[in-house]
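> just coords:
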């Protein structure tokens, strides 16, 4: 039996909603001044969207204010795409900010059968776009052959 290797809409929705916990922790850290949660492994999140377009699986991540040459890393290992970035800030005097600084990491499971060497990444206007060519859809074998009368 052939299993559909494409990401279903429900899987995409589940993965897109996943970082909301991290958003809540970011709010707790900035508004309530509770940075003690970070040592427990909670990292800042980055907002992402993922979709299929013209035979490619595309992930877009909002990463304004970072230098893609120094601050962004994109890796693929064991079918998992990991995007990590670091936004730094030098404080000269105390002030209020709602900007998010520090290390952000996001990992997404790629569809089965993708070629990790064919993954490309592009950064423009604060958006990182990662594109992965999808493998050809398997041809489903017919299990029964219709019989015609002559």
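Happy to help now that I have it. Remember, predicted model here, so these are calculated numbers, not experimental data.
> alpha carbons only for contacts and neighbour counts from here, please
OK.
> can you map out the strands along the chain?
Here the chain has its strands, by DSSP state E, at 48-53, 56-62, 72-77, 80-87, 102-109, 120-124, 127-133.
> tell me how far residue 78 lies from residue 69.
The span separating residue 78 from residue 69 equals 24 Å under the rule C-alpha to C-alpha, to the nearest Å.
> what does residue 141 give?
Counting by C-alpha to C-alpha, the gap between residue 141 and residue 69 amounts to 47 Å.
> and for residue 106?
Note on residue 106: its distance to residue 69, by C-alpha to C-alpha, is 18 Å.
> who has more neighbours out of those two?
More neighbours surround residue 106 than the other of residue 106 and residue 69, with 18 against 8 (other C-alpha atoms under 10 Å).
> what's near enough to touch the more buried one?
Going by C-alpha atoms under 8 Å, 6 or more residues apart in numbering, residue 106 touches 45, 46, 82, 83, 84.
> list the buried ones in stretch 81-99?
Of the residues in stretch 81-99, those with enough neighbours to count as buried (16 or more other C-alpha atoms under 10 Å) are 81, 83, 84, 85, 86, 87.
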